[in-house]
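# just coords:
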């Protein structure tokens, strides 16, 4: 079982609104939106990121299908979610490098076929 690091009971307003405690808000670097994920047993609030919405659902589905529940589900979801952004950044870097190399090769091939422009 995972160790509970911090817990705070917060009220829910008559409009179903809650206030995130400032230390949690700052620790997670929230901005103007949060992702709200319902697992069937609990609600997880996490910083919103446009690229992670699809991945979050895929990660959650995989974990639930693998039998994760409760604190283990939360811990593994947090771990895997943190891995998405670096993986996407690496993928984009790799694609960029591949594109640069491909364009250089393309330029070399066109020069071989058509020659270079003489001034």
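Structure received. Everything numeric in this text was worked out from a predicted model, so none of it was measured. Numbering: from 1, shown residues only.
# show me where this structure has its strands.
Assigned strands in the chain, in chain order: 34-38, 43-47 (criterion: DSSP state E).
# direction included, what does the first one pair up with?
This points to strand 34-38. strand 43-47 (antiparallel) (DSSP bridges).
# would you list the strands of the chain in TSV and tack on mean pLDDT, distance to residue 69 and mean neighbour count?
From N, CA and C alone the C-beta is placed, and that goes for glycine too. As requested, these are exported to TSV (pLDDT from 0 to 100; distance: least, C-beta to C-beta, whole Å; neighbours: other C-beta atoms under 10 Å):
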stretch	mean pLDDT	distance to residue 69	mean neighbour count
strand 34-38	86	14	13
strand 43-47	86	13	14
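# would you turn these into JSON lines with distance to residue 15?
Output for the strands of the chain, formatted as JSON lines (distance: least, C-beta to C-beta, whole Å):
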{"stretch": "strand 34-38", "distance to residue 15": "15"}
{"stretch": "strand 43-47", "distance to residue 15": "17"}
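# could you list the low-pLDDT ranges of the chain?
For the chain, applying pLDDT under 70 flags the ranges 1-4, 49-54, 105-119.
# check which helices and strands the longest helix along the chain sits against.
Determined from DSSP state H, the single longest helix within the chain is helix 70-114. In terms of contacts (3 or more C-beta pairs under 8 Å, 6 or more residues apart in numbering; DSSP states H and E), helix 70-114 is packed against strand 43-47, helix 52-65.
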